[in-house]
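S.K.: Predicted model follows, preceded by the sequence.
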Amino acid sequence: MSAGILGVGKFIPERVVTNFDLEKKMDTSDEWIRTRTGIQERRIADEKTNTSDMAFAAAKDAIKNAGIRATDLDMILVATVTPDQPFPSMACMLQDRLGAGHVAAMDISAACSGCIYGMITAKQFIDSGVYKHVLVVGVEKLSKITNWEDRTTAVLFGDAAAAVVLGPVSEGRGIISWELGSDGSGGKNLYQDGPFIKMNGREVFKFAVRQMGESAVHVVEKAGLKKEDIDFLIPHQANIRIMEASRERLGIPEEKMIKSIHKYGNTSSSSIPLALADAVEEGRIKEDDLIVMVGFGGGLTWGALTLRWGR
Ligand code: UT7
């Protein structure tokens with residue numbers, strides 16, 4: 001038995017903020033944002049909705065879709081850089097709100113790579129037979145650390161949560177290969193300084209183009225697969241130009257890349273599971289499809305995996 005995804009869930013705040021709305025607040029334009037990033041609109045959570053509320057909603061959805069109960073969970077992992085508070089962890093808050101057993105629960109700080117880190121951590125416990133069901137949530141309320149005076153970052157981010165339940169799946173399905181990495185020397189290019197996100201966009205862009213492409217190619221090779229075997233690529237939804245570069249590096253056609261950046265912006269740790277949740281909901285992903293997921297983020301961190309869909 002190998003670890004695979006049993007169910008996916010999501011929560012997106014109701015409030016839509018379009019590029020045209022941002023034009024009214026700062027010196028930017030829909031044209032600049034669309035052509036440089038691929039973003040058209042993003043969701044912004046209201047004051048009352050905190051990170052833990054979004055995580056709870058997405059987790060409930062994923063547990064339901066996995067066909068299990070919260071009491072069946074053996075571990076809870078939450079990837080976030082925008083927790084309600086530094087501690088207690090979002091994972092512990094979820095354990096209580098979900099009514100899960102007194103199981104292992106912790107947060108993961110790997111920025112936009114957080115959900116890949118979470119899924120690969122979950123896989124170790126499932127493959128070893130120690131745990132059966134692990135919940136991994138990617139959640140961000142980035143709007144609370146966004147400097148709305150800084151157009152170079154404010155136009156990029158959105159709020160959302162998405163979750164997956166991992167568990168044992170049949171032979172040949174589930175996570176086949178993976179890679180995780182970090183390079184702290186690049187941490188200065190993307191970090192939180194006081195209350196706000198700070199970023200050297202060009203440096204992060206260069207790193208992302210190189211690393212996403214390389215990691216995606218690595219995991220496909222590690223799995224002993226060819227580019228023709230890939231049905232879908234789900235890259236971290238940070239910038240359409242970065243996403244396109246990784247697709248081209250993999251050498252797969254446009255229709256095989258799953259995109260949701262236009263409607264959500266960059267939602268950091270939730271972006272990959274959120275794109276997956278939409279694709280599953282739309283019926284795009286079929287049994288035995290081969291999916292490549294690849295992310296990069298603050299740290300700097302990166303992670304990639306290949307997964308054969310189905311239980
Ligand atoms: O999850 C990981 C998070 N981070 C990322 O993924 C970010 C990676 N980097 C990027 O996506 C891109 O670097 C950005 C989208 C952030 C910026 O795109 P760029 O093509 O690298 O633009 P740039 O920083 O080179 O700026 C070009 C121009 C500058 O003006 P000048 O110096 O040429 O006159 C900027 O001041 O665009 C200006 N600019 C803007 N103009 C209108 C920067 N932000 C904006 C804006 N609206 N929002």
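M.R.: Now that the structure is in, tell me what you want to look at.
S.K.: Contacts only, for L276.
M.R.: 5, 8, 162, 164, 234, 258, 285, 291, 293 (CB atoms under 8 Å, 6 or more residues apart in numbering). For glycine as for every other residue, the C-beta is placed from the backbone atoms N, C-alpha and C.
S.K.: what about the first one, distance to H236?
M.R.: Using CB to CB, to the nearest Å, I5 is found at 17 Å from H236.
S.K.: and if you look at the last one?
M.R.: In this structure, M293 and H236 are 9 Å apart, going by CB to CB.
S.K.: cool, S2 as well?
M.R.: Taking CB to CB, one finds S2 at 24 Å from H236.
S.K.: likewise G129?
M.R.: G129 is 31 Å from H236, where distance means CB to CB.
S.K.: Mind splitting the protein into its structural domains?
M.R.: Domain assignment for the chain by automatic domain parsing gives 2-169, 174-308.
S.K.: will you turn these into a markdown table that also has distance to the ligand?
M.R.: Shown next, in a markdown table, are the domains of the chain (distance: least, CB to the nearest ligand atom, whole Å):
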| stretch | distance to the ligand |
| --- | --- |
| domain 2-169 | 3 |
| domain 174-308 | 3 |
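S.K.: Kindly reformat those as JSON lines containing mean pLDDT.
M.R.: Putting those into JSON lines (pLDDT from 0 to 100) gives the following:
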{"stretch": "domain 2-169", "mean pLDDT": "98"}
{"stretch": "domain 174-308", "mean pLDDT": "97"}
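S.K.: Now do N19: how many residues are near it, please.
M.R.: 20 (other CB atoms under 10 Å).
S.K.: burial count for the residue lying closest to it once chain neighbours are set aside?
M.R.: Among residues not flanking N19 along the chain, D30 sits closest, at 3.8 Å (CB to CB, 6 or more residues apart in numbering). Residues contacting D30 under the criterion other CB under 10 Å number 17.
S.K.: quick one, what contacts D30?
M.R.: Neighbouring residues of D30 by CB under 8 Å, 6+ apart: 18-20, 23, 40.
S.K.: do the same with T80
M.R.: The contact partners of T80, by CB under 8 Å, 6+ apart, come to 51, 55, 90, 107-109, 114, 137-140, 269.
S.K.: Just the buried subset of those residues, please.
M.R.: Buried by 16 or more other CB atoms under 10 Å: 51, 55, 90, 107-108, 114, 137-140, 269, out of the contacts of T80.
S.K.: roughly how far apart are T82 and D21?
M.R.: 21 Å.
S.K.: for A208, that is, sorry about that
M.R.: A208 is 27 Å from D21, by CB to CB.
S.K.: So for the two, which residue has more residues nearby?
M.R.: Using other CB under 10 Å as the criterion, A208 and D21 rank with A208 on top: 26 against 14.
S.K.: Excluding sequence neighbours, find me the nearest residue to H236.
M.R.: Nearest in space to H236, with sequence neighbours left out and distances taken as CB to CB, 6+ apart, is G295 at 3.8 Å.
S.K.: dump the residue contacts of that neighbour.
M.R.: 112-113, 115-116, 212, 235-236, 271-272, 302-304.
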